[in-house]
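K.L.:
Predicted model, plus sequence, below.
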Amino acid sequence: MKKPSLESLGLDLLETSAAERFRCLVLPFATCAGFFAAGERGWWVIALGCAVLQSFFTYASVSHDLVHRTLRLPAWLNETLLFLIEGLSFRSGHAFRESHLHHHRRFPHEDDLEGAAARMSWWRALLDGLIAQPRLWVWALMHTTGRKRLWIAIEGAVIIAWAAWCLGSQVGMIYLAVTVAGSWVYPFMTSFMPHDATGDDPLRQTRLFRGKVVAWLSLEHLYHLEHHLYPQVPHQRWPELARRLDPFFEEQGLKPVVLWR
């Protein structure tokens with residue numbers, strides 16, 4: 001498969017404005033604070049809404065940017081924010097980076113832990129989520145050395161301390177339960193649904209999704225194939241990347257999964 005070069009698609013796809021970077025980096029903290037503020041007042045619908053939005057604003061978007069370093073931040077700031085933003089949801093940012101980059105390199109090989117759910121039945125993919133995060137953390141710890149391993153070990157300790165602090169209040173306990181439960185669906189949503197481990201090439205190993213309603217409902221997070229082909233593009237440019245790639249996909253005979261036009 002010969003895909004279009006990023007130069008031919010437009011190097012402007014790599015650019016983000018200062019306002020976009022500020023917004024995407026603040027939103028994870030704002031939704032976390034919003035959950036606690038709303039929960040303390042008993043406004044649980046708003047609190048749960050914050051928790052749902054937090055999942056979009058962390059793992060599904062800005063954490064990807066920090067893993068792939070697409071926001072072009074100073075290295076120290078990028079690594080610190082990866083630690084903090086994934087840590088808000090009791091996940092190790094640097095373990096995520098190691099397992100995710102391995103997934104990009106190795107899918108659909110059997111040693112790809114992050115992509116393993118794509119080879120499972122739907123119910124096994126859902127059950128897999130129960131232990132996915134601890135397993136990815138252990139895998140990353142065992143497959144790294146030096147500074148990378150130190151980051152992962154520190155993050156594990158901080159997550160335990162953060163969870164213990166949350167257990168000290170009712171709102172904190174609910175935040176812990178909701179956030180961890182939310183992470184359980186990631187193997188199903190980000191591996192089982194978008195991937196096809198039997199595909200012949202990278203174009204057919206990740207499904208092409210289209211649909212304006214679902215794009216709106218998912219806050220423009222349905223461009224998994226585009227992300228796999230061009231991981232250096234920040235999430236803010238995924239919709240435009242998809243639009244520019246549509247002629248190529250059509251030429252290659254790819255049929256999108258259209259979910260509610």
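P.N.:
Structure's in. What do you need?
K.L.:
how about low-confidence regions in the chain?
P.N.:
217, 219, 260-261 (pLDDT under 70).
K.L.:
Tell me where it has strands.
P.N.:
209-210, 257-258 (DSSP state E).
K.L.:
Could I get the ones you listed in a markdown table, plus columns for mean neighbour count and distance to residue 92?
P.N.:
Glycine gets a C-beta too; all of them are placed from N, C-alpha and C. Formatted as a markdown table, these follow (neighbours: other Cβ atoms under 10 Å; distance: least, Cβ to Cβ, whole Å):
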| stretch | mean neighbour count | distance to residue 92 |
| --- | --- | --- |
| strand 209-210 | 19 | 28 |
| strand 257-258 | 12 | 31 |
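K.L.:
pretty sure residue 220 contacts residue 239?
P.N.:
Yes. At 5.1 Å, residue 220 counts as touching residue 239 under the criterion of Cβ atoms under 8 Å.
K.L.:
For the stretch 51-200 of the chain, just list every one of the helices.
P.N.:
Per DSSP state H, counting those that start in this stretch, the stretch 51-200 of the chain carries helices over the ranges 62-68, 75-87, 93-106, 122-142, 146-166, 170-184, 186-187.
K.L.:
Give me whichever of these is most buried.
P.N.:
helix 186-187 (a mean of 25; mean count of other Cβ atoms under 10 Å).
K.L.:
Mind giving me the packing neighbours of it?
P.N.:
Under the contact criterion of 3 or more Cβ pairs under 8 Å, 6 or more residues apart in numbering; DSSP states H and E, helix 186-187 touches helix 122-142.
K.L.:
returning to what we had before: of all the helices of the stretch 51-200 of the chain, which one is nearest residue 232?
P.N.:
Closest to residue 232 of the helices of the stretch 51-200 of the chain is helix 62-68 (Cβ to Cβ; 6.3 Å).
K.L.:
which residues sit against that closest one?
P.N.:
24-25, 27-28, 70-71, 73, 78, 81-82, 85-86, 93, 96-97, 100-101, 227, 231-232, 234-235 (Cβ atoms under 8 Å, 6 or more residues apart in numbering).
K.L.:
Tabulate the helices of the stretch 51-200 of the chain (CSV), appending distance to residue 14.
P.N.:
Output for the helices of the stretch 51-200 of the chain, formatted as CSV (distance: least, Cβ to Cβ, whole Å):
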stretch, distance to residue 14
helix 62-68, 11
helix 75-87, 15
helix 93-106, 17
helix 122-142, 27
helix 146-166, 25
helix 170-184, 29
helix 186-187, 26
